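1. Everything below, folded, please.
(one chain, ligands or ions: 2)
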Amino acid sequence: PSKPRPHIIFIIGGPGSGKGTQTAKIAHHYDFQHVSVGEILRNQLLHHAPSDRKWELIAQIIANGELAPQETTIEELKQQFIKHQDAKGFIVDGFPREISQAFTFEEQIGSPDLVILLACSNQQLRQRLEKRASQQGRPDDNTHAIEKRLDTFKHNISLIAKYYQERGLIVRVDADRDEDDIFTDICAMVKESLFPSDTQ
Ligand code: UP5
Ligand code: MG
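-> Numbering: from 1, shown residues only. Ligands and ions are numbered 1, 2, ... in the order given. Predicted structure coming up:
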């Protein structure tokens, strides 16, 4: 018998909504492959010479809080899905960022089984990112890039949410709360949509 297709979960939300934090927990709990497009891009920047024109541009885009070209994002995602083709499932952190990415992913890779939207207030998002900026901080954790990341998210989220809402795939989680409370809710939602017959 052929192997069942791996599950695919998308986790989306504003910058600082806890996508990375919650994705790591889910990946560990369900033994799913964690795929973070933002992290892959940041990692690629470390491995390309500053003279590499393509990655130089992407470094600027990320530092400005804008979106990398879709071809690059999809290409990186495809490689991850091939590399980890034996995974039970994939939890994809911070993708799609715009509606066309959702369409292209579906055409070229597959359909998500569940989309988790971490709903967080702007005030909370800013506070968390400013706190991180004061500790380790990422190159895009500066006031200008934070505002741009918030704008980019606000600009794109309604269409994405509407699209998955119409297909009954999206669940919203109040992400202003404590990490563990958020995770408890996410687990209940994952169980309900992916493993409804499991007893535990
Ligand atoms: N924290 C987490 N949960 C908390 C809680 N419940 N209560 C209190 N604090 C909490 O968390 C952020 C911070 O908050 C951390 O310090 C954490 O400890 C704390 P984190 O889990 O990192 O949140 P996350 O949503 O992952 O925030 P992140 O900053 O990573 O979000 P972004 O969406 O900005 O970053 P991402 O890496 O996804 O994208 C970065 C850039 O890459 C984009 O701006 C874009 O330029 C590019 N990109 C693309 O172009 N295309 C893509 O498809 C993806 C990325
Ligand atoms: Mg993240």
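
2. Give me the neighbour count for the residue lying closest to Gln70 once chain neighbours are set aside.
-> Counting by CB to CB, 6 or more residues apart in numbering, Gln101 is the residue found nearest to Gln70 once chain neighbours are left out, at 5.6 Å. All C-beta atoms are positioned from the backbone trio N, CA, C, and that covers glycine. For Gln101, the neighbour count with other CB atoms under 10 Å is 19.

3. okay, Gln101: pLDDT?
-> You'll see Gln101 listed with a pLDDT of 98.

4. Let me see the contact set for whatever residue of the chain ends up closest to ligand 2.
-> Residue of the chain nearest ligand 2, by CB to the ion: Gly20 (3.2 Å). With contacts defined as CB atoms under 8 Å, 6 or more residues apart in numbering, the neighbours of Gly20 are 36, 38-39, 93-94.

5. and Trp55, what element?
-> Counting by DSSP states H and E, the element that carries Trp55 is helix 53-63.

6. Check which helices and strands that helix is in contact with.
-> If you count contacts as 3 or more CB pairs under 8 Å, 6 or more residues apart in numbering; DSSP states H and E, helix 53-63 packs onto helix 37-47.

7. How about the longest helix along the chain, which residues are buried there?
-> Identified as the longest helix of the chain according to DSSP state H is helix 143-166. Neighbour counts over helix 143-166 (16 or more other CB atoms under 10 Å) mark 145-146, 148-150, 152-153, 156-157, 160-161, 163-164 as buried.

8. swap in stretch 58-66?
-> 58-59, 61-63, 65.

9. on that earlier part again, ok, so of the buried residues of helix 143-166, who is nearest ligand 1?
-> Relative to ligand 1, the closest of the buried residues of helix 143-166 is Arg149; by CB to the nearest ligand atom it sits at 4.7 Å.

10. Surely that closest one touches Asp140?
-> Yes. The criterion here is CB atoms under 8 Å, and Arg149 meets it with Asp140 at 6.7 Å.

11. Overlap of the contact sets of these two?
-> Common neighbours of Arg149 and Asp140, using CB under 8 Å, 6+ apart, are Gly65.

12. ok, which stretches of the protein are strands?
-> Applying DSSP state E to the chain gives strands spanning 7-13, 33-36, 89-93, 114-119, 170-174.

13. Output those strands as CSV; include the columns distance to ligand 1 and mean pLDDT.
-> Below are the strands of the chain laid out as CSV (distance: least, CB to the nearest ligand atom, whole Å; pLDDT from 0 to 100):
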stretch, distance to ligand 1, mean pLDDT
strand 7-13, 6, 98
strand 33-36, 6, 98
strand 89-93, 6, 98
strand 114-119, 7, 98
strand 170-174, 10, 98
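
14. so can I have a markdown table of the ones you listed showing mean neighbour count and distance to ligand 2?
-> Below are the strands of the chain laid out as a markdown table (neighbours: other CB atoms under 10 Å; distance: least, CB to the ion, whole Å):
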| stretch | mean neighbour count | distance to ligand 2 |
| --- | --- | --- |
| strand 7-13 | 23 | 9 |
| strand 33-36 | 21 | 6 |
| strand 89-93 | 24 | 6 |
| strand 114-119 | 22 | 11 |
| strand 170-174 | 18 | 16 |
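
15. Many thanks, we can stop here.
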